[in-house]
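# I'd like to go over a predicted model; first the sequence, then the structure.
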Amino acid sequence: MPLKPVHALVGNDLFLQLEKLSELQRAAGKDAQRIDVDGESAQLGEVLDELRSFAMFSASKFVVVRNADDFIKRYREQVEEYVEKPSAGSVLVLRVSSLPSNQRIYKYIVANGQVHDCEAPKKLGEWIINRAKSTHKLAIKPDAAALLLDLIGPDLGRLDNELAKLAIQTNGVADAKAVSEAVSFQREQEMWDMTNEVAAGNIAEALRRWRHLCQLDSSAEFRAVTWLGMWLEKVRRALQLRREGKNDFTIARELKIWPMDQQRPFFQTASNIGEGGADRLIELLTDIDYRSKNGLGDMKENVERFLLSVAK
């Protein structure tokens with residue numbers, strides 16, 4: 001069955017949008033010439049020319065307009081005219097965050113193509129169970145799905161990745177024990193993720209990650225001091241290098257602050273803490289370590305109090 005000539009990917013979930021886009025491109029065929037344009041800067045003429053002209057080295061064209069909300073807003077009437085009578089030899093894919101069903105463009109797309117829902121589901125537990133069955137041929141029990149969601153969070157891409165691993169590591173059925181064991185090798189990364197949340201100033205999320213780590217691995221209580229100490233040393237060193245005149249890019253490379261999207265929040269949090277604050281927090285962390293190891297308070301609770309003190 002030939003691919004319909006116009007599609008709208010509607011929603012803010014990047015994983016679902018990219019997955020559907022890959023599916024559409026496969027349906028368009030290997031010979032379809034793909035053209036990607038940014039809707040925020042694209043001109044109407046260039047997009048229509050691509051759609052209405054013949055592909056030089058392939059049988060058809062597959063034109064993707066990302067950030068298409070702005071494109072539609074600027075050229076609504078002309079876009080409506082096109083999707084009402086789209087070119088037969090091309091496929092237009094509009095990636096938008098929203099597209100109300102009472103608008104004419106929505107109705108034209110439904111008449112001549114398809115609107116795809118790419119909004120993250122509200123009931124993620126059900127999504128995990130259905131996704132496991134339909135995509136990975138894996139039966140995952142409700143309590144295991146809830147645990148996986150608790151551990152990974154509402155990131156569909158990471159959840160799907162974990163389901164794929166579980167499908168390989170189990171005999172096709174995953175319970176809570178299987179989920180717990182499967183993600184145990186990720187505990188070090190989870191500890192890094194926790195400190196990244198602290199660095200970004202997301203203390204509530206850091207606390208959530210910390211509590212789950214403690215539930216799964218009692219040794220996390222003692223490793224946390226090491227990881228948090230490493231993070232604070234990076235904060236102090238970053239502020240020192242700034243004072244010496246180095247730019248943030250150079251500092252991030254030297255201190256191996258990764259991934260890249262964590263760099264800006266790291267420097268923002270470091271600025272908020274300041275060199276004096278970093279010294280105070282290092283002293284507090286050292287005191288927590290000493291007191292916990294000498295029976296003066298519970299390590300888990302002491303670390304929680306430390307995380308809360310970062311937010312002050």
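Here it is on my side, so go on. For clarity, every value in this text was computed on a predicted model and none was experimentally measured. Residues are numbered from 1 along each chain as shown.

# Tell me where the stretch 51-200 of the chain has strands.
61-66, 90-96, 114-117, 139-140, 173-174 (DSSP state E, counting those that start in this stretch).

# Okay, now the unreliable bits of the protein?
Along the chain, segments meeting pLDDT under 70 span 1, 55-58, 183-189, 216-219, 259, 293-294, 296, 312.

# How is it divided into domains?
6-117, 124-182, 187-310 (automatic domain parsing).

# closest one to Arg76 among the strands of the stretch 51-200 of the chain?
strand 90-96 (12.0 Å; CB to CB). In this view, the C-beta of every residue, glycine as well, is placed from N, C-alpha and C.

# Residues in contact with the closest one: which ones?
3-10, 17, 21, 24, 28, 32, 39, 50-52, 60-69, 71-72, 82-83, 86, 109, 113 (CB atoms under 8 Å, 6 or more residues apart in numbering).

# ok, of the residues you listed, which come out buried?
Neighbour counting with 16 or more other CB atoms under 10 Å marks 3, 5-10, 17, 21, 24, 28, 32, 39, 50-51, 60-69, 71-72, 82-83, 86, 109, 113 as buried within the contacts of strand 90-96.

# Now for Gly201: which residues touch it?
So Gly201 contacts 265, 268-269, 272, 311 (CB under 8 Å, 6+ apart).

# Out of those residues, give me the one that has the most neighbours.
Thr269 (19 neighbours; other CB atoms under 10 Å).

# any idea which helix or strand carries that residue?
helix 263-293 (DSSP states H and E).

# buried sites along that helix?
263, 266-267, 269-270, 273, 277-278, 281-282, 284-285, 288-289, 292.

# Can you name every helix or strand that that helix contacts?
Identification of packing neighbours for helix 263-293 by 3 or more CB pairs under 8 Å, 6 or more residues apart in numbering; DSSP states H and E yields helix 187-199, helix 220-243, helix 248-255, helix 299-310.

# which residues sit against stretch 69-84?
Here stretch 69-84 has contacts from 6, 39-40, 42, 44, 47-48, 51, 65, 92, 94, 96-98, 104-105, 108-109, 111-113, using CB under 8 Å, 6+ apart.

# Quick check: end-to-end length of that stretch?
Length of stretch 69-84, first residue to last, CA to CA, to the nearest Å: 18 Å.

# any idea how far it is from the chain center?
On the basis of CA atoms, centre = their mean, to the nearest Å, stretch 69-84 is displaced by 29 Å from the centre of the chain it belongs to.

# now stretch 62-78
That offset, for stretch 62-78, works out to 24 Å (CA atoms, centre = their mean).

# Could you do stretch 213-229 as well?
With CA atoms, centre = their mean, you get 24 Å for stretch 213-229.

# neighbouring contacts of it?
151, 180, 183-184, 187, 190-192, 194-195, 198, 210, 282, 285, 288-289, 292, 299-300, 303, 306.

# circling back to that earlier point, narrow the contacts of strand 90-96 to those in helices?
17, 21, 24, 28, 50-52, 68-69, 71-72, 82-83, 109 (DSSP state H).

# Leaving aside the residues adjacent along the chain, what's closest to Lys20?
His116 (5.0 Å; CB to CB, 6 or more residues apart in numbering).

# Now for the one you found, how many residues are close by?
19.

# Verify the stated contact: it with Leu9.
Yes - look at His116 against Leu9 with CB atoms under 8 Å: they come within range, at 5.2 Å.

# Now list whatever residues contact both of those two.
Lys20.

# residues in contact with Val198?
Contacts of Val198 (CB under 8 Å, 6+ apart): 206, 228, 231, 269, 307, 310.

# For the closest residue to Asp13 other than its chain neighbours, give me the backbone phi and psi.
Once flanking residues are discounted, Asp13 sits nearest to Ala120: 4.3 Å by CB to CB, 6+ apart. Main-chain torsions, Ala120, degrees, to the nearest 10: phi -60, psi 130.

# Surely Ala120 and Pro154 touch.
Yes - between Ala120 and Pro154 a contact is recorded at 6.8 Å, counting by CB under 8 Å.

# In terms of neighbours, single out the busier of these two.
A count of neighbours by other CB under 10 Å puts Ala120 above the other of Ala120 and Pro154, at 15 against 12.

# Distance check, that one against Asp289.
Separation of Ala120 from Asp289 (CB to CB, to the nearest Å) stands at 40 Å.
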